[in-house]
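A.B. asks: Using only what follows, build the 3D model:
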Amino acid sequence: MKYQILKYRLKTIEFWTLLLLLVVGSYFLVQALGMPFEMRRTIGPGFIPTIVLVALISFTFIALVQYLVNRNHKIFVNFPDGSEDDTTFKILFQALNQSPGTRLELCNHSGLGRFSALSVIQRSHPDTSLLAVSSRATQENAELAARQHLTGFTPFSLLYFDAYVLVKSASQGADDAALGSNSRIGYDSLIEDTVFLEKLKKRQDGQTSSDGQWQPMDIKDLRSDLEAGKLDAVVAARSDFEQAIQAGKAIVMETFDGQSTPSKETMLIYGEWAALFAPAAQARDTQTANVARLQTATQSEAFTAQLQNVQLPWQPSETTKDIGKLTMLAHQGTQGVTVKAKPARNRAHAIPVTLGAIALFPFLMNAIGFIATSILVTSLIMALLRAEFSLTSLVKIGVINVVIAVSTYLVFYHVFSIPLPLGSVW
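C.D. replies: Residues are numbered from 1 along each chain as shown. The predicted model follows:
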């Protein structure tokens, strides 16, 4: 284990969490061992806590040592579990580990702020880390996501680029004529605050010498309204209209991939993307080895079979031309059009609130206080880890934590004959 790598690991949340758990467990074990021997040698209030604490400390110590001496490299990803990106990349990850080289570990950090993959990898050693990112999972528009991830990182493979397109209904004819004045144009609401949309509006309205009717909508409504003739054109990701395009129900008027427009003044680029990044400080030979392993993995039978089941065009590429799309997208986001970009919500403030809730335990040393505080603490922790809120998700969180808190109390009280809390503050 190199000293530089060890120094990086000493700064991580994982290390300090394990160390804190070890210290706290040791403290409570000392308290438990301070009980009379008669209480600890039989099944009772002293025996069970002692056994549990010994097991906790043993496993924590083993985990801490393994974490510090682990020689595997890590791929930090921000894909939500169960998403198409997550499923496809896991198959690619398995293929990567079948090729010669250091074994890779997959670390999913789909949270925000200090818990995001981008934040965690910045506290890891550059020679032992890679970053796999999907702009769809950043909760920011693709322009801002590209700007953030190109700072301090080098993209060495573009996994896909789902370019946005301007499409019209096939019922309007197959001619390439520009949209007329007062055109009704619907667009994906996800691009509401982007430089791309503002520049597209100015360009389109300038061509028609009139203000078009631009309407933000969700994908389902865009499809139905375009088919029903309520919209003249739609701006959305190609994958969302690929089925209609292939069926001849929609016609692509323009593709915003940064290549179809020869003039730099009118060039527009926008698309959801996924890419593999290496820290800019990563050794050149390490990055070269990673690129070679990726090329081998993308030719594996399992990965190529998975590509037949995905909607997005996963075609890992390391060519300068393809990777340059991220640079073009990031640069477009800085071009003098004022927009109110929505930053990703950072719930780091929930940490001190959660710690404050935990501090209520010593002041609520009764059954009702224990249950109420347990529900509050676990709910805050779950809320911190969730990226999106809805009434349904809040109800689910509440129900789950009420069941957990009440059942925990009942199990300890009726099975172990240990009322929680024990009635004293250590």
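
A.B. asks: Identify all contacting residues around stretch 69-87.
C.D. replies: The contact list for stretch 69-87, computed with Cβ atoms under 8 Å, 6 or more residues apart in numbering, reads 1, 89, 93, 102-110, 116-118, 120-121, 124, 128-134, 136-138, 274, 306, 310-312, 387. No exception for glycine: its C-beta is placed from N, CA and C like everyone else's.

A.B. asks: buried stuff in it?
C.D. replies: Applying a neighbour-count criterion of 16 or more other Cβ atoms under 10 Å, the buried positions in stretch 69-87 are 73, 74, 75, 76, 77, 78, 79, 80, 84, 85, 86.

A.B. asks: tell me the pLDDT at the last one?
C.D. replies: When you say that, I think you mean residue 86. Per-residue confidence (pLDDT) for residue 86: 88.

A.B. asks: same thing with the fifth one?
C.D. replies: Among the per-residue scores, residue 77 holds a pLDDT of 89.

A.B. asks: Which residues does stretch 10-19 contact?
C.D. replies: By Cβ under 8 Å, 6+ apart, the list of residues contacting stretch 10-19 from outside reads 9, 60, 63, 64, 67, 68, 114, 120, 123, 124.

A.B. asks: which parts of that stretch are buried?
C.D. replies: Judged by neighbour count (16+ other Cβ under 10 Å), stretch 10-19 contains these buried residues: 15, 18.

A.B. asks: Repeat that for stretch 57-64.
C.D. replies: Along stretch 57-64, these residues count as buried under the neighbour rule (16+ other Cβ under 10 Å): 57, 60, 64.

A.B. asks: Sitting in strands, which of these do you find?
C.D. replies: Counting by DSSP state E, no part of the buried residues of stretch 57-64 is found in strands.

A.B. asks: possible to save those residues as CSV with pLDDT and distance to residue 166?
C.D. replies: What follows is these, written out as CSV (pLDDT from 0 to 100; distance: Cβ to Cβ, whole Å):
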residue, pLDDT, distance to residue 166
57, 86, 62
60, 87, 56
64, 83, 55
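
A.B. asks: Give the other helices and strands that the strand ranked longest in the chain contacts.
C.D. replies: Using DSSP E, we find that the single longest strand of the chain is strand 153-169. Contact partners of strand 153-169 among helices and strands, from 3 or more Cβ pairs under 8 Å, 6 or more residues apart in numbering; DSSP states H and E: helix 219-228, strand 233-237, helix 238-246, strand 250-256, strand 271-279, helix 284-297, helix 320-332.

A.B. asks: hmm, 7 Å instead?
C.D. replies: Counting by 3 or more Cβ pairs under 7 Å, 6 or more residues apart in numbering; DSSP states H and E, the packing neighbours recorded for strand 153-169 are strand 233-237, helix 238-246, strand 250-256, strand 271-279, helix 284-297, helix 320-332.

A.B. asks: contact partners of the last one?
C.D. replies: It stands for helix 320-332. With Cβ atoms under 7 Å, 6 or more residues apart in numbering as the test, helix 320-332 has contacts from 142-143, 146-147, 150, 155, 158, 161, 195-196, 258, 269-270, 273, 275.

A.B. asks: change it to 10 Å
C.D. replies: For helix 320-332, contacts defined as Cβ atoms under 10 Å, 6 or more residues apart in numbering pick out 135, 141-151, 154-158, 160-161, 163, 194-196, 199, 256-259, 267-271, 273, 275, 277, 315-317.

A.B. asks: can you check the fifth one too?
C.D. replies: By Cβ under 10 Å, 6+ apart, the surrounding residues in contact with helix 284-297 are 73, 75, 91-102, 104, 126-128, 130, 154, 156-157, 159, 276, 278-280, 282-283, 303, 316, 318.

A.B. asks: So residue 124, which state does it fall into?
C.D. replies: coil (DSSP: H, G, I helix; E, B strand; the rest coil).

A.B. asks: Am I right that it is in contact with residue 9?
C.D. replies: Yes: between residue 124 and residue 9 there is a contact at 7.8 Å, judged by Cβ atoms under 10 Å.

A.B. asks: ok, these two, which is more surrounded?
C.D. replies: residue 124 (21 against 18; other Cβ atoms under 10 Å).

A.B. asks: contacting residues for the more buried one?
C.D. replies: So residue 124 contacts 5, 8, 9, 11, 12, 73, 74, 76, 107, 130, 131, 279 (Cβ under 10 Å, 6+ apart).

A.B. asks: Taking those together, which two end up most distant?
C.D. replies: Farthest pair in these (Cβ to Cβ) is 11 and 130. Separation: 18.6 Å.

A.B. asks: can you map out the strands along the stretch 1-150 of the chain?
C.D. replies: Secondary structure of the stretch 1-150 of the chain by DSSP state E, counting those that start in this stretch: the strands cover 73-77, 104-108, 129-134.

A.B. asks: Mind listing what's buried along the last one?
C.D. replies: Translated: strand 129-134. By neighbour count, with 16+ other Cβ under 10 Å as the criterion, the buried positions of strand 129-134 are 129, 130, 131, 132, 133, 134.

A.B. asks: okay, now the domains of the protein?
C.D. replies: 163-256, 347-426 (automatic domain parsing).

A.B. asks: Give me the distance between residue 109 and residue 99.
C.D. replies: 24 Å (Cβ to Cβ, to the nearest Å).

A.B. asks: ok, those two, which is more surrounded?
C.D. replies: Just comparing residue 109 and residue 99: by other Cβ under 10 Å the higher neighbour count belongs to residue 109, 18 against 15.

A.B. asks: Who are the contact partners of that one?
C.D. replies: With Cβ under 10 Å, 6+ apart as the criterion, the residues that contact residue 109 are 76, 77, 78, 79, 115, 116, 117, 118, 119, 120, 121, 131.

A.B. asks: Recalculate using a threshold of 7 Å.
C.D. replies: Residue 109 is in contact with 76, 78, 115, 116, 117, 120, counting by Cβ under 7 Å, 6+ apart.

A.B. asks: tell me, how many neighbours does the fourth one end up with?
C.D. replies: It refers to residue 116. Other residues near residue 116 come to 23 when the count uses other Cβ under 10 Å.

A.B. asks: Okay, and the beta partners of it?
C.D. replies: As for beta bridges, residue 116 partners with residue 110 under DSSP bridges.

A.B. asks: gap between it and residue 145?
C.D. replies: From residue 116 to residue 145 the distance is 11 Å (Cβ to Cβ).

A.B. asks: Any stretches of the stretch 251-400 of the chain with poor pLDDT?
C.D. replies: Flagging of the stretch 251-400 of the chain using pLDDT under 70 yields the residue ranges 260-266, 336-394, 397.
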